[in-house]
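Q: The following block contains a protein sequence and its predicted model.
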Amino acid sequence: MKLGIIGGSGLYNIGNIDKEEWLKVDTPWGSPSDDLLKCTIENKEIIFLPRHGRGHKVNPSNINYRANIDALKQHGVTDIISVSAVGSLKEEHEPGKFIVVDQFIDRTFSRKKTFFDDEIVAHVSLAKPICEQLSEICVDALQKLSINFSKSGTYLAMEGPQFSTYAESCLYRSWGLDVIGMTNMPEAKLAREAEIRYATIAMVTDYDCWHSSHEDVDIDMIIKTLNKNVDNAKNLIMEIIRNFKIDETRDYIHTCLDGAIITDPSMMTKQTKKKLETIAGRVLPK
C-alpha cells in the first residue's frame, strides 16, 4: 500500500520530509499538473502532487485529472487523500472548519470524466465514492489534533473558475448540501476507475456568497483563511501518514473493475489496451 496526497490551494508542500525527489511523469493522457514529489515521511514512502501545479498555475477546469491519477498509479499509489479548499453552504460549517466529505454532486461540464471513452466501455459503481477506511483514518487524526471538523458532508463540484452567483448559492443550500468546490470531480470518479481508494478533506475558507458577511467572495479572504489553516493541514497529513493502514479484507475498491467492462474483448485493439495498461491492465485481456 502506498499513500498519495493531492494538495489543493494553499498546500504546495508538506514539510518535515526525507529523501525528497521530484519525478517527471508521462502518461497516455498527457502531462499531470506538476512533477510528483516522492519522499519519505515516518519511514513510509509518500507521493505528493500539487493539484494546481507549484505556484498555482492551472485553473480547475484545465487540470488534467486523468493524467494526475494515471501518474500516481504508475508510481504505485493505492490510496489518495485529497486536501481541498471549499466554500460553506451551511452556517455551522464556519471558515476554518474541516469537513470529511462522504458524498459528491457533480455539476462540472467541460472535463474529461472517464478513462473509458474510446473503444472500451466500463461502468463502475460510485454509490459510495469515498473509502470508508480512509475517512476513518482522517476522523481519528482530526480528533487527536482537536481540530474543528465534521465527519460527513456532501461536496458540490462546480465548474468554475468563477465563484457562484447568489441564486446558485441559494439553490445549492436548498438542496441541503454542505460545501462547494471546483476540483474533486472528476478526480474522485477517475480514482475509482483506477481502483484507487480515495478520501477528501475539505478546508472551509468562506461562506460562499449566500451569507450576509460573505456576499462578495474574494481571493484575499480565502488566502487569509488558508494561511491560518495551513499548519493544521500539515499536522493532519502527518498524523494520517503515521496511522495509515488499510484492512484489504474490508475493501472492494481495488477490485471494482471486476465485471465493470462491458465491451467484447474481440473489439479491443492493442493500442487502446496499451493506453489503459496502468489503469485497467489487471482486468484487460492480454
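A: Great, that's in hand.
Q: low-confidence ranges in this protein?
A: Along the chain, the parts satisfying pLDDT under 70 run over 8-16, 213-219.
Q: Just the buried positions in the top helix by length along it, please.
A: Longest helix in the chain by number of residues (criterion: DSSP state H): helix 219-242. Within helix 219-242, the residues that count as buried by 16 or more other CB atoms under 10 Å are 221-222, 225-226, 229-230, 232-241. In this view, the C-beta of every residue, glycine as well, is placed from N, C-alpha and C.
Q: can you pull out the helices in the stretch 101-250 of the chain?
A: Counting by DSSP state H, counting those that start in this stretch, the stretch 101-250 of the chain has helices at residues 132-144, 166-174, 184-193, 219-242.
Q: and residue 195, what does it touch?
A: Listed by CB atoms under 8 Å, 6 or more residues apart in numbering, the contact partners of residue 195 are 253-257, 282.
Q: And it, how close does it get to residue 279?
A: Plainly put, residue 195 is 8 Å away from residue 279 if you go by CB to CB, to the nearest Å.
Q: swap in residue 116?
A: Residue 116 is 9 Å from residue 279, by CB to CB.
Q: Residues that sit against both of those two, list them.
A: Common contact partners of residue 116 and residue 279 (CB under 8 Å, 6+ apart): residue 193.
Q: follow-up on the earlier one: the longest helix of the chain packs against which elements?
A: Secondary-structure packing of helix 219-242 (3 or more CB pairs under 8 Å, 6 or more residues apart in numbering; DSSP states H and E): strand 3-7, strand 79-88, strand 98-100, helix 132-144, strand 197-206.
Q: Out of the buried residues of helix 219-242, which is nearest to residue 131?
A: Of all the buried residues of helix 219-242, residue 131 sits closest to residue 240, with 12.6 Å by CB to CB.
Q: does that closest one really touch residue 139, like I thought?
A: No. Using CB atoms under 8 Å as the test, residue 240 is too far from residue 139 to be in contact (10.3 Å).
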